[in-house]
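Participant: Next input, structure requested:
(one chain, ligands or ions: 1)
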Amino acid sequence: MNPLSPPTPSDIWSDWLLHRRHGNNDEQAGHLQIKINQFADRVLDNAKLATGMTLADIGTGDGLIAFRAIDRIGPSLKVILTDISSAILHHTEDLANQRQYQHQCRFVHCTAENLGAIADASVDVVITRSVLAYVPDKKAAFNEFYRILKPGGRLSLGEPVYRDDAFKLVALKTWIDNHPDHPDTRLLRLAHRWKSAQLPATLEAIRANPLTNYSERDLFVMIGECRFGDVHVELHLDSATQHAMEWHVFIQSAPHPQAPTLKEILETRFSEEDRLFFEQAMRPAIELTGQGSMERMVYITARKPGSTPSGSS
Ligand SMILES: C[S@@+](CC[C@H](N)C(=O)[O-])C[C@H]1O[C@@H](n2cnc3c(N)ncnc32)[C@H](O)[C@@H]1O
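Facilitator: Numbers count the residues shown, from 1 in each chain. A predicted model of the protein is given here:
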């Protein structure tokens, strides 16, 4: 970026990637990075990149996939980095310059549903990680991936599946309504208020929101309908206890770019009395043992029919 050009205003995507996903805390950012690198490496292993290829990293964010791909393959790899956010794209262009990767990188400001700046049949591999969850028209995106891939080219994606967590909120609400006098109901009601500010929590809202209106099976069907072949789906369900963290870091983190932080929720949706009760109940577990979590990630590979691009296995 030209140092004399005015800074690009931040947006929800850059704010989340650079600050809110780790509560603006370096230690938490380090823990998270280890996990995210594992997701990225799975998607990259599935992509079967080789020397001399062109990769399109759709919704590149801060270049996680693109830069790890260059680290793996070296200077012969060409990477097209696209994103809907010009703020994050500028940031990532700066990172590419710092790493001296700029000659291998092309930055394209666009949505996944419209990759018009990328020519037909011009890339060997399309990768996208944790982007389609935010794309309203996922089929349009798959059609664009198909268009820009060379015959024989490969798609590799990794996406979180949020829908089950949203369904759990619907079930929790029913339980709360049916157990008004249960000793756990007060805390569960507040937990529901917290989580339902971060995810759709009614069946209608779940169906209407791109974040939750798909399962891994829906993605499988859509990709097939967009003419891809050799479609392979792997669903990874991992339950884990996150490491312990300070309360102020925990409440300043958001689980995804469109979600408010717990701190924002406590300030805007909780009474003072409820805030104190909730913190007393939750804080010891967060600070001493960490919060339990359930990760649902789907990994998909597919091929555009035709002859295999040179260099690919
Ligand atoms: C959760 S981040 C993931 C970033 C990166 N792919 C990674 O693996 O770290 C989601 C990214 O998708 C981008 N994004 C959101 N909606 C998009 C859309 N419709 N088209 C293209 N990119 C989009 C955001 O700007 C953000 O950079």
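Participant: Checking N143 next. Helix, strand or coil?
Facilitator: helix (DSSP: H, G, I helix; E, B strand; the rest coil).
Participant: so how many other residues sit close to it?
Facilitator: N143 is flanked by 16 other residues according to other C-beta atoms under 10 Å. Using the backbone N, CA and C atoms, a C-beta is placed for each residue, glycine as well.
Participant: now T54
Facilitator: 19.
Participant: Tell me the bridge partners for it.
Facilitator: K78 (DSSP bridges).
Participant: give the contact list for the residue of the stretch 51-200 of the chain found nearest the ligand.
Facilitator: Here the residue of the stretch 51-200 of the chain nearest the ligand is G61; by C-beta to the nearest ligand atom that distance is 2.5 Å. By C-beta atoms under 8 Å, 6 or more residues apart in numbering, G61 lies in contact with 13, 17, 83, 88, 92, 130-131.
Participant: What of H103?
Facilitator: P75.
Participant: Assign it to helix, strand or coil.
Facilitator: helix.
Participant: So the residue of the stretch 51-200 of the chain closest to the ligand belongs to a helix, correct?
Facilitator: No. Counting by three-state DSSP, one finds G61 to be coil, located in no helix.
Participant: Check it and give its pLDDT.
Facilitator: Reading off the confidence values, G61 has pLDDT 98.
Participant: The one 10 residues further on now?
Facilitator: Model confidence at D71, expressed as pLDDT, equals 98.
Participant: do the same with R154
Facilitator: So R154 comes in at 98 (pLDDT).
Participant: Now for it, how many residues are close by?
Facilitator: R154 - counted by other C-beta under 10 Å - has 27 other residues nearby.
Participant: Ok, the one 5 residues further on next?
Facilitator: For E159, the count of nearby residues is 24 (other C-beta under 10 Å).
Participant: Show me the two of the contacts of G61 that sit farthest apart.
Facilitator: In the contacts of G61, the most distant members under the criterion C-beta to C-beta are T92 and S130, with 15.0 Å between them.
Participant: So those two - more neighbours on which side?
Facilitator: T92 (25 against 21).
Participant: which residues touch the helix or strand that contains that one?
Facilitator: Using DSSP states H and E, T92 maps to helix 86-98. Under the criterion C-beta under 8 Å, 6+ apart, residues 1, 8-11, 13-14, 17-18, 60-63, 66-67, 81, 83, 102, 105, 107, 109 lie in contact with helix 86-98.
Participant: Which ones among those residues map onto strands?
Facilitator: 81, 83, 105, 107, 109 (DSSP state E).
Participant: The third one pairs with what?
Facilitator: Partner residues in beta bridges with C105, using DSSP bridges, are V79.
Participant: In contact with it: list those residues for me.
Facilitator: By C-beta under 8 Å, 6+ apart, the contact set of C105 is 66, 79-81, 93, 96.
Participant: go on, the second one?
Facilitator: The neighbourhood of D83, defined by C-beta under 8 Å, 6+ apart, consists of 13, 59-61, 89, 92, 109-110.
Participant: now the fourth one
Facilitator: Residues in contact with F107 (C-beta under 8 Å, 6+ apart) are 81-82, 89, 92-93, 96.
Participant: Which two of these have the greatest separation?
Facilitator: T82 and A96 (13.6 Å).
Participant: who has more neighbours, these two?
Facilitator: Comparing T82 with A96 by other C-beta under 10 Å, the one with more neighbours is T82, at 25 against 21.
Participant: Setting aside sequence neighbours, what's the nearest residue to that one?
Facilitator: V108 (4.5 Å; C-beta to C-beta, 6 or more residues apart in numbering).
Participant: Next: R269.
Facilitator: Nearest to R269 is R193, by C-beta to C-beta, 6+ apart, at 5.8 Å.
Participant: Before we move on, what's the pLDDT of T308?
Facilitator: 66.
Participant: Give me the mean pLDDT for stretch 208-216.
Facilitator: 97.
Participant: same check, this time on stretch 270-286
Facilitator: pLDDT averaged over stretch 270-286 gives 95.
Participant: Buried residues of it, list them for me.
Facilitator: Going by neighbour count (16 or more other C-beta atoms under 10 Å), the buried part of stretch 270-286 is 270, 274, 278-279, 282, 286.
Participant: Between the residues you listed, which sits nearest the ligand?
Facilitator: I286 (23.1 Å).
Participant: tell me the contacts of that closest one?
Facilitator: Per C-beta under 8 Å, 6+ apart, neighbours of I286: 244-245, 247, 250.
Participant: are any of those buried, and which?
Facilitator: The neighbour count (16+ other C-beta under 10 Å) marks 245, 250 as buried among the contacts of I286.
Participant: Let's have the contacts of I286 in TSV, adding pLDDT and distance to D164.
Facilitator: TSV is the format used below for the contacts of I286 (pLDDT from 0 to 100; distance: C-beta to C-beta, whole Å):
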residue	pLDDT	distance to D164
A244	86	25
M245	89	24
W247	94	27
F250	94	22
